[in-house]
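>>> take a look and give me a structure for this.
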Amino acid sequence: MNFEILSNFEWYNDPENVRFETSDMIIYAKSGTDFWQSIHHGFKKDNGHFFFSRQNGDFLLTIKWQFETLEKFSQCGIMVRADERNWLKASLMNDTGENDMLAVSLTVNGHSDWSGFHLNQEIHELWFRMQRVGDDYMLFYSTDGVIYHKLRTFYLKSYEDIKVGAYIASPNQEGFAAALNDICFGV
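Sure, this is the predicted structure:
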């Protein structure tokens, strides 16, 4: 990872701990953290850890996460955020304690949706890519960093100052940590 780029990033909700290794930023999530807005489920959470850069206009962001194992509901991924009521998160998470899945949640005007699918393979690293063109966003994932698959296209109304970056959360467990191996902007 190019650590110089990190000076353009800031935290929304500081994590439990951050440790730097040769080419990684190891992030430890606090227990009970998440991003979620739902009347149906009866709770709102806006205390996950989001490491972001402010962007105006079009961008392409690629990040890579690496981890040993995912405990139930622990998650690490990518996020684009206008404010508490308007954002998208995509992550690898574990919903059963046995199966890792790709999950996406788009929150508009304070209401979160959710979709996901199981990858049917053991995952220990995953790349995400987010591209903004105007008010449209395209989200991709890769299991090898070479071939990217489109996960979702979505719209967020015009926001000049949008926040985009990596996020991590641990809704139930203590001690979830993952390594952010790469975070870079391209064209």
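
>>> mind listing what's buried in stretch 61-75?
Residues of stretch 61-75 classed as buried by neighbour count (16 or more other Cβ atoms under 10 Å): 61-67, 70-71, 73-75. C-beta coordinates here come from the backbone N, C-alpha and C atoms, glycine included.

>>> equivalent analysis for stretch 118-133, please.
Applying 16+ other Cβ under 10 Å to stretch 118-133 flags 123, 125-132 as buried.

>>> out of the residues you listed, who's nearest residue 26?
Lowest distance from residue 26 to these (Cβ to Cβ) belongs to residue 125, with 13.7 Å.

>>> hmm, back to that, least confident pick among the buried residues of stretch 118-133?
Here the lowest pLDDT out of those sits on residue 123, with 86.

>>> in contact with the closest residue to that one other than its chain neighbours, which residues?
Closest residue to residue 123 apart from its sequence neighbours, by Cβ to Cβ, 6 or more residues apart in numbering: residue 100 at 5.0 Å. Counting by Cβ atoms under 8 Å, 6 or more residues apart in numbering, residue 100 touches 70, 92-94, 118-119, 122-123.

>>> redo that, cut-off 7 Å
Residue 100 is in contact with 70, 92, 94, 119, 123, counting by Cβ atoms under 7 Å, 6 or more residues apart in numbering.

>>> quick one: those as JSON lines, columns for distance to residue 81 too.
Below are the contacts of residue 100 laid out as JSON lines (distance: Cβ to Cβ, whole Å):
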{"residue": "70", "distance to residue 81": "22"}
{"residue": "92", "distance to residue 81": "19"}
{"residue": "94", "distance to residue 81": "23"}
{"residue": "119", "distance to residue 81": "25"}
{"residue": "123", "distance to residue 81": "25"}
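
>>> in strands, which of the residues you listed fall?
With strands taken from DSSP state E, the overlap with those comprises 92, 94.

>>> export stretch 43-54 to CSV, keeping only CA atoms.
Extracted as CSV, the C-alpha positions of stretch 43-54 are listed here (Å, rounded to 0.1, in the frame of the first residue of the first chain):
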residue,chain,number,x,y,z
PHE,A,43,-32.9,-0.1,15.1
LYS,A,44,-30.5,2.4,13.6
LYS,A,45,-26.7,2.1,13.8
ASP,A,46,-24.3,4.7,12.6
ASN,A,47,-21.2,3.7,14.6
GLY,A,48,-19.2,1.5,12.2
HIS,A,49,-15.7,2.6,11.3
PHE,A,50,-15.3,4.4,8.0
PHE,A,51,-11.9,5.5,6.6
PHE,A,52,-12.7,8.0,3.8
SER,A,53,-11.6,10.6,1.4
ARG,A,54,-13.8,13.5,0.3
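
>>> what does it contact?
8-13, 15, 27, 29, 33-37, 79, 81, 84, 161, 163-169.

>>> flag every buried residue along stretch 154-169.
Across stretch 154-169, burial judged by 16+ other Cβ under 10 Å covers 154, 156, 162-169.
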